[in-house]
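S.K.: no sequence for this one, just the structure:
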Ligand code: AHR
């Protein structure tokens with residue numbers, strides 16, 4: 001049986017209506033259809049502030065992510081800013097991208113950051129971690145890393161966007177000194193160290209002030225095949241001394257794969273063997289979960305279990321969402337384990353890789369490793385996942401969608417001068433207003449969706465989402481996962497009056513709908529104003545939709 005670990009080791013909707021009614025109970029819309037669902041926002045039950053970092057990204061040096069997703073080169077005819085794709089930067093500014101993780105993923109534990117600094121023409125070419133998996137026809141730069149993008153270019157990319165860089169250090173194949181010297185290169189004050197001078201010679205005199213550092217990646221697999229105990233020893237060693245320059249370094253420990261509770265527990269037992277003070281070294285515990293197994297319970301084989309990104313039926317649709325909704329249990333479960341060791345909850349979860357993972361075959365650019373075509377299904381999946389994060393703001397410090405461009409659950413696809421925003425990219429647009437909002441406990445009630453799972457009855461929930469308030473703006477996001485039924489949803493606010501409101505939503509009559517280089521606007525946000533008239537909103541959520549309600553309170 002091949003599992004992920006082994007694999008990695010080897011290599012409007014008409015009729016939207018508003019009624020305001022202070023009473024509890026199902027409300028009738030003006031066209032007399034009874035509301036079948038309800039969202040009740042509990043203003044008196046705040047859950048915590050939604051960190052912008054829950055809307056983070058991940059860009060690994062893998063396949064077409066860097067070359068030519070992010071980097072096109074300064075001399076390219078593709079519009080660029082210092083060699084970095086301009087369209088990408090502009091949209092990432094629009095969605096307020098807060099943080100970007102780099103350079104891996106598995107790549108990180110084979111990467112020597114020293115290869116990626118200094119004059120570009122003097123940088124070495126190296127064999128990429130993913131070389132063995134690359135297709136024959138893939139561009140040479142995917143297999144043999146030209147190092148055109150290194151720390152300077154990546155941090156510059158982040159600064160152009162207004163995002164924080166999150167760098168993952170190599171624990172498998174470099175010594176601890178390489179880690180602290182990378183921190184020194186990035187953060188030592190202008191003129192203070194030889195490495196600060198090297199940075200200044202490249203045009204970056206001022207320190208980068210990188211705050212987020214990963215100590216290895218998937219150390220249970222491609223990051224070194226460590227046991228949790230062995231990795232804990234390495235974590236202690238790599239984190240024992242690092243230069244801070246007056247700032248806080250937030251260290252993220254390589255955490256569990258999906259429901260590997262024992263990794264979380266055994267890691268903490270070993271780290272704390274040296275005393276409870278050790279806990280202060282850990283800012284976050286990484287958690288990775290990919291929704292890959294669409295076999296309907298038939299296999300755990302990493303290759304055989306995967307589904308197709310474009311060819312799927314309605315059962316595959318619900319299977320993917322089932323795999324994705326496991327995230328809430330994973331967050332709660334690992335949080336529970338953390339609580340045993342850290343009752344004061346200093347250490348948070350960092351979900352730095354999440355998304356669906358399909359079998360190859362749907363690439364917009366044939367030969368781009370791990371690239372897949374995001375559809376409306378992935379938009380619903382992504383909205384559902386972001387709402388899980390929104391509902392758990394006290395537990396999760398950061399989350400990073402895997403991966404930004406030309407890869408798994410990508411927000412963007414690009415090839416040479418072609419660039420398109422995928423339905424997933426549009427979800428990030430719809431959800432951006434949650435950032436820095438106060439999450440509110442919210443009750444979603446809707447009929448379950450029964451379906452036939454290979455002759456056995458199964459069902460999926462009918463409506464879920466999250467709400468947050470910031471000043472006088474209330475944001476409610478939700479997904480209607482039904483492939484064929486709209487929901488008529490009563491919104492019960494129980495506080496304040498609605499000054500004005502609007503809904504923005506993503507949907508399409510075809511659940512396979514996706515945006516291509518040629519047809520860019522198949523799944524795009526549509527906005528309509530909702531005119532308040534009384535005490536509860538009644539809004540129609542189309543089938544297979546991601547919906548964001550923007551409500552201005554008096
Ligand atoms: O995102 C692709 C790969 O999946 C990453 O490199 C690795 O960390 C994970 O297993």
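M.R.: Cool, the structure landed. Predicted model, so just to flag it, every value in this text is computed and none were measured.
S.K.: show me the contacts for the residue of the stretch 1-150 of the chain found nearest the ligand.
M.R.: Here the residue of the stretch 1-150 of the chain nearest the ligand is residue 105; by C-beta to the nearest ligand atom that distance is 2.7 Å. For the C-beta atoms, the positions are set from N, CA and C on the backbone; glycine is no exception. Residue 105 makes contacts with 58, 60, 62, 168, 217, 218, 353, 402, 403, as judged by C-beta atoms under 8 Å, 6 or more residues apart in numbering.
S.K.: Would you mind trimming those to those in range of the ligand?
M.R.: Applying C-beta under 6 Å from any ligand atom to the contacts of residue 105, one finds that 60, 217, 218, 353, 402, 403 fall near the ligand.
S.K.: Would you agree the fifth one is in contact with residue 370?
M.R.: Pointing back at residue 402 there. No: using C-beta atoms under 8 Å, residue 402 is not in contact with residue 370; the gap is 9.2 Å.
S.K.: So which of those two has more stuff around it?
M.R.: Higher neighbour count among residue 402 and residue 370: residue 402, with 26 against 22, using other C-beta atoms under 10 Å.
S.K.: which residue packs closest to that one, ignoring adjacent ones?
M.R.: Distances taken as C-beta to C-beta, 6 or more residues apart in numbering put residue 353 closest to residue 402, at 4.3 Å, once the chain neighbours are dropped.
S.K.: so the one you found sits in a strand?
M.R.: Yes: if the criterion is DSSP: H, G, I helix; E, B strand; the rest coil, then residue 353 is within a strand.
S.K.: Pairing-wise in the sheet, spell out the partners of it.
M.R.: When assigned by DSSP bridges, residue 353 has beta-bridge partners residue 288.
S.K.: For it, list the residues it contacts.
M.R.: Per C-beta under 8 Å, 6+ apart, neighbours of residue 353: 58, 105, 286, 288, 289, 290, 400, 402.
S.K.: Any quick ChimeraX command for the buried ones out of those residues?
M.R.: This is the ChimeraX syntax for the buried subset of the contacts of residue 353, where burial follows 16 or more other C-beta atoms under 10 Å:
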select :58,105,286,288,289,290,400,402
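S.K.: Spatially, which two of the contacts of residue 353 are the most separated?
M.R.: Within the contacts of residue 353, 105 and 289 form the most distant pair, 14.6 Å apart (C-beta to C-beta).
S.K.: pLDDT score assigned to the residue nearest to residue 402?
M.R.: Looking at residue 353, its pLDDT is 98.
S.K.: And the most centrally placed residue in the chain, which helix or strand is it part of?
M.R.: The centroid of the chain falls nearest to residue 401 when counting by C-alpha atoms, centre = their mean (2.0 Å). Assigned by DSSP states H and E, residue 401 belongs to strand 396-402.
S.K.: Neighbouring strands of that strand in the sheet, and parallel or not?
M.R.: Here, using DSSP bridges, strand 396-402 pairs with strand 56-58 (parallel), strand 348-356 (parallel).
S.K.: how near is residue 66 to residue 130?
M.R.: Distance of residue 66 to residue 130, computed by C-beta to C-beta, to the nearest Å: 11 Å.
S.K.: Between the two, which has more neighbouring residues?
M.R.: Legend: neighbour count by other C-beta under 10 Å for residue 66 and residue 130, higher for residue 66 (28 against 23).
S.K.: wait, isn't that one in contact with residue 83?
M.R.: No: using C-beta under 8 Å, residue 66 and residue 83 do not qualify as a contacting pair, with a distance of 11.1 Å.
S.K.: list the contacts for whatever residue of the stretch 401-550 of the chain ends up closest to the ligand?
M.R.: Closest contact between the stretch 401-550 of the chain and the ligand, by C-beta to the nearest ligand atom, is at residue 402 (4.4 Å). By C-beta under 8 Å, 6+ apart, the residues touching residue 402 are 58, 105, 290, 353, 354, 355, 408, 409.
S.K.: Pick the one among the residues you listed closest to residue 299.
M.R.: residue 290 (15.7 Å).
S.K.: Would it be right to say that that closest one lies in a strand?
M.R.: Yes: per three-state DSSP, residue 290 lies within a strand segment.
S.K.: Tell me the pLDDT of the residue of the stretch 201-350 of the chain found nearest the ligand.
M.R.: Nearest residue of the stretch 201-350 of the chain to the ligand, counting by C-beta to the nearest ligand atom: residue 218, 4.6 Å away. Note on residue 218: pLDDT of 98.
S.K.: residue contacts, it?
M.R.: Contacts of residue 218 (C-beta under 8 Å, 6+ apart): 8, 105, 106, 254, 257, 288.
S.K.: Using the three-state scheme, assign it.
M.R.: Applying three-state DSSP: residue 218 is coil.
S.K.: What of residue 115?
M.R.: Per three-state DSSP, residue 115 ends up helix.
S.K.: pretty sure it contacts residue 150?
M.R.: Yes: using C-beta under 8 Å, residue 115 is in contact with residue 150, at 7.1 Å.
S.K.: And these two? Which one has more around it.
M.R.: The residue with more neighbours, out of residue 115 and residue 150, is residue 150; 20 against 15, by other C-beta under 10 Å.
S.K.: Leaving out sequence neighbours, find the closest residue to that one.
M.R.: That would be residue 116: by C-beta to C-beta, 6+ apart, it lies 2.1 Å from residue 150.
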